[in-house]
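Participant: Okay, sequence plus prediction incoming.
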Amino acid sequence: MNASQTKEYIKCRKDPVYFIKKYGVIKHPTLPGGKSNFKMWDFQEECIQDFLDNSYNIILKARQLGISTVVAAYIAWYMLFFNNKSVFVLATKRDTAQNMISKVKVFFEEVPEWFKPDLIVDNKQSLELANGSSVKAAASTIDSARSESLSLLVVDEAAFINRMDEIWTATGPTLATGGDCIALSSPNGMGNWFHKTYQGAEAGETMMVGGQNKSFNPIKLHWSLHPDRDEAWARSERRSLGDQAFAQEYDCDFIQSGNNVVSLKALEWYSMHPTEQEIADDGYRPYLREPEEKTWMDKNLWIWKYPDYSKKYILSADVARGDGNDYSAFHVIDVENYEQVAEYKGKLNTDIFAHLIQNTAVQYNNAYCVVENMAMGHHVVMKLIEMEYKNLYWTVKDLTRLHEGNYDQMHYDPYNIPKNAVPGFTTSAKTRPAAVARLEEDLRLHDFILHSKRTINELETFIFHNGKPEAQDNYNDDLIMSLAIGMYVRATTLKIHGNDREYTEAMINNFGFESKPFDTIIRDDKNKKDIYTIKLPDGSVEDIKWIF
């Protein structure tokens, strides 16, 4: 290396932006040779500077801004000019991680011969230079980087990595000796590791990494930073993709992105309403608020409205499996106002939970108790029967295969149970999605008055995973399922009970007999005020109030 080359080498080592702009080459599918010089935009150069200035960086990005290529260029510079650096790339899939490796390799291939690195390991999953620096790629598993001692960890599309909380806990110690981290992703809803970490970074929060306090530098890259995009482009893409997909792909919007069962926009509504023109109750208080009282032994029974002895209530409960990872939960719902008035979430033995259910139900006018009867729930249901609580929901066996529209078949007297019924609510492949669909619709349309921040927190991490509605890893859905069961039963069984008198009065108000006995049913006297008497064909009058 001559004097001018040495000077150039030193300049490249000191300034990665200079190195990348002068020597960087990227793949380009439409150009001859499939490659082009990397002409960086201003925001890409600023990202490189952020990597130099901050050990930990977290990037919330729109798609197609070339950030993965920027990170690959930075890795190439880092390995080329520093000895014995260990870089690890973690991604949702092995192919995605390997793509980062291939981009790094392109940079190595195109630098001038006088400082082209010697590759002693060269394959799809790893590269190692003669100076001891290396980069490896792997799909995301808890043990992916556990045994590594890292100089730089890159987490690509971090919001889409399953169990990222656990992976980060396992990976943290590998950075304890002073390693850096770059986590980048487009948004994928709220509550996941990427969302929490980015929000914490914006708030200036720190986290423990390998026994040390660390803070992430937040970088937000909106679609509008791209020099070739404008509002006309955005309108066209939004029409093509839809609002949710556009929010995820381009808008850096945690609220509208993701695959939540209940949209985060619908949930956000509860914290903003009612206005003074939308009175929820006395004082114009918002729907989403702290309870009036936190009571019972563990203070986990939250009460927003005390029992009103003129009202009817449902108490719907979901019972913990008993493995210690989930909670027993119930809601008390005002049937008429369709409003949450109380809620419990805690870890209790089944017999104690049954006593709590009974005590609460009795206070709320012997509420109609709907208890999920699978696994540990069966013990709670049987305990309630043992305690002679009468107003208990029973599942008619045939109904586990029916849609909630079959109202006429769901009408039975809870004090006189049919023979083909089992105590409690039976969750099946038909009733569970029907209950979740009822919950989603009623919250999306804001028909239900929801008060609990605990329930909202669960809903924010309640997603479709492989088509099935369930909580994200390391989160719970106990309050969600207990609420969904109550909503479902109110819309089906209790809907018929509440409409019986209306149907009967409407029927009586619209029929009579013509002179020819019992051939046809017609209206007898349109002006008759007394709907409880009818004239028979023989001229006599009969009082039919007994129907009520």
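Facilitator: Now that the structure is in, tell me what you want to look at. Numbering: from 1, shown residues only.

Participant: Count the neighbours of residue 441 for me.
Facilitator: 14 (other C-beta atoms under 10 Å). From N, CA and C alone the C-beta is placed, and that goes for glycine too.

Participant: Apologies, that question was intended for residue 55.
Facilitator: Residues near residue 55, counting by other C-beta under 10 Å: 17.

Participant: That one reaches residue 212, doesn't it?
Facilitator: No. Using C-beta atoms under 8 Å, residue 55 is not in contact with residue 212, being 10.3 Å away.

Participant: mind listing what's buried in stretch 333-352?
Facilitator: Residues of stretch 333-352 classed as buried by neighbour count (16 or more other C-beta atoms under 10 Å): 333-335, 339-346, 348, 350.

Participant: How far does that stretch stretch from one end to the other?
Facilitator: Terminal residues of stretch 333-352 are spaced 21 Å apart (C-alpha to C-alpha, to the nearest Å).

Participant: Let the chain start at 92 from now.
Facilitator: Yes, from this point I'll number from 92; that puts the last item at stretch 424-443.

Participant: Kindly indicate which of the buried residues of stretch 424-443 lies nearest residue 204.
Facilitator: Checking the buried residues of stretch 424-443 against residue 204 by C-beta to C-beta gives residue 436 as the nearest, at 66.2 Å.

Participant: Skipping adjacent residues, who's closest to the closest one in space?
Facilitator: Distances taken as C-beta to C-beta, 6 or more residues apart in numbering place residue 420 nearest to residue 436, at 4.5 Å, with adjacent residues excluded.

Participant: Over to residue 115?
Facilitator: residue 129 (3.5 Å).

Participant: Could you check how far residue 446 is from residue 550?
Facilitator: Separation of residue 446 from residue 550 (C-beta to C-beta, to the nearest Å) stands at 28 Å.

Participant: between those two, who's got more neighbours?
Facilitator: Using other C-beta under 10 Å, the more surrounded residue of residue 446 and residue 550 is residue 550, with 29 against 16.

Participant: quick one: contacts for the residue nearest to residue 115?
Facilitator: By C-beta atoms under 8 Å, 6 or more residues apart in numbering, the contact set of residue 129 is 111-112, 115-117, 160, 164.

Participant: Show me those that map onto strands.
Facilitator: In strands, judged by DSSP state E, the following of the contacts of residue 129 are found: 116-117.

Participant: Looking at the contacts of residue 129, which is nearest residue 380?
Facilitator: After measuring the contacts of residue 129 against residue 380 - C-beta to C-beta - the closest member comes out as residue 160, at 47.2 Å.

Participant: contacting residues around residue 272?
Facilitator: Residue 272 neighbours (C-beta under 8 Å, 6+ apart): 146-148, 243-246, 266, 307.

Participant: Out of these, grab the one that's most surrounded.
Facilitator: residue 246 (28 neighbours).

Participant: Tell me what that residue is bridged to.
Facilitator: With DSSP bridges as the criterion, residue 246 is bridged to residue 181, residue 274.

Participant: Make sure it is actually in contact with residue 187.
Facilitator: No. Shown here, residue 246 and residue 187 do not form a contact pair, counting by C-beta under 8 Å, at 11.1 Å.

Participant: from memory residue 312 sits against residue 157, does it?
Facilitator: No. Residue 312 is beyond contact range of residue 157, at 9.8 Å (criterion: C-beta under 8 Å).

Participant: between those two, which one's more packed in?
Facilitator: More crowded of residue 312 and residue 157, by other C-beta under 10 Å: residue 312, with 22 against 19.

Participant: What values do phi and psi take at the more buried one?
Facilitator: Per-residue torsions, residue 312: phi -120, psi 100 (degrees, to the nearest 10).

Participant: any chance you could map the helices in the stretch 242-391 of the chain?
Facilitator: With DSSP state H, counting those that start in this stretch as the criterion, the stretch 242-391 of the chain has helices at 255-262, 284-293, 322-332, 334-340, 355-363.

Participant: Just want the most central residue of this structure.
Facilitator: Compute the mean C-alpha point of the chain, and by C-alpha atoms, centre = their mean the closest residue is residue 552, 2.7 Å away.

Participant: which ones are touching residue 242?
Facilitator: Contacts of residue 242 were listed using C-beta under 8 Å, 6+ apart, and they are 169, 176-178, 270-271.

Participant: Ranking by neighbours, what's the top pick from those?
Facilitator: residue 178 (28 neighbours).

Participant: Assumed it was part of a strand.
Facilitator: Yes. Using DSSP: H, G, I helix; E, B strand; the rest coil, the assignment for residue 178 is a strand.

Participant: Direction included, what does the helix or strand containing residue 407 pair up with?
Facilitator: Here residue 407 is covered by strand 404-409, with elements defined by DSSP states H and E. With DSSP bridges as the test, strand 404-409 is paired with strand 419-425 (antiparallel), strand 459-462 (parallel).

Participant: Minimum distance to residue 319: which of these has it?
Facilitator: strand 419-425 (50.4 Å).

Participant: Give me the contact list for the following helix or strand past that closest one.
Facilitator: Next helix or strand after strand 419-425 toward the C-terminus (DSSP H and E): strand 430-437. Under the criterion C-beta under 8 Å, 6+ apart, residues 382, 387, 389, 391-396, 404, 418-425, 447, 451, 455, 539-543, 545-546, 569-570, 574 lie in contact with strand 430-437.

Participant: returning to what we had before: and the two most separated of the contacts of residue 129?
Facilitator: Farthest pair in the contacts of residue 129 (C-beta to C-beta) is 112 and 160. Separation: 12.9 Å.

Participant: ok, those two, which is more surrounded?
Facilitator: More neighbours surround residue 160 than the other of residue 112 and residue 160, with 20 against 17 (other C-beta under 10 Å).

Participant: partners of the closest residue to residue 485 other than its chain neighbours in the sheet?
Facilitator: With C-beta to C-beta, 6+ apart as the criterion, residue 485 has its nearest non-adjacent residue at 4.1 Å, and that residue is residue 512. Here residue 512 sits in beta bridges with residue 487, going by DSSP bridges.

Participant: And residue 512, how far from residue 487?
Facilitator: Counting by C-beta to C-beta, the separation of residue 512 from residue 487 is 5 Å.

Participant: same question, residue 417
Facilitator: Counting by C-beta to C-beta, the gap from residue 417 to residue 487 is 28 Å.

Participant: before we move on, what about residue 268?
Facilitator: Distance, residue 268 to residue 487, by C-beta to C-beta: 64 Å.

Participant: And residue 400, by the same measure?
Facilitator: Taking C-beta to C-beta as the measure, residue 400 falls 30 Å from residue 487.

Participant: Just want to know which of these two has more residues nearby.
Facilitator: residue 487 (18 against 6).

Participant: circling back: present the strands paired with strand 404-409 as JSON lines; the columns should include mean pLDDT.
Facilitator: Formatted as JSON lines, the strands paired with strand 404-409 follow (pLDDT from 0 to 100):
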{"stretch": "strand 419-425", "mean pLDDT": "97"}
{"stretch": "strand 459-462", "mean pLDDT": "95"}
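
Participant: will you turn the ones you listed into a markdown table that also has distance to residue 560?
Facilitator: Output for those, formatted as a markdown table (distance: least, C-beta to C-beta, whole Å):
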| stretch | distance to residue 560 |
| --- | --- |
| strand 419-425 | 17 |
| strand 459-462 | 19 |
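
Participant: Minimum distance to residue 332: which of the ones you listed has it?
Facilitator: Here strand 419-425 is closest among the strands paired with strand 404-409 (C-beta to C-beta), at 36.2 Å.

Participant: chain center to the closest one, what's the gap?
Facilitator: 21 Å (C-alpha atoms, centre = their mean, to the nearest Å).

Participant: Could you list the residues in contact with that strand?
Facilitator: Under C-beta under 8 Å, 6+ apart, the answer for strand 419-425 is 396, 399, 402-411, 430-439, 444, 448, 451, 455, 458, 546, 569-570, 572-574, 577-578, 581.

Participant: Quick check on those residues: which are buried?
Facilitator: Buried by 16+ other C-beta under 10 Å: 396, 402-411, 430-437, 439, 444, 448, 451, 455, 458, 546, 569-570, 572-574, 577-578, 581, out of the contacts of strand 419-425.
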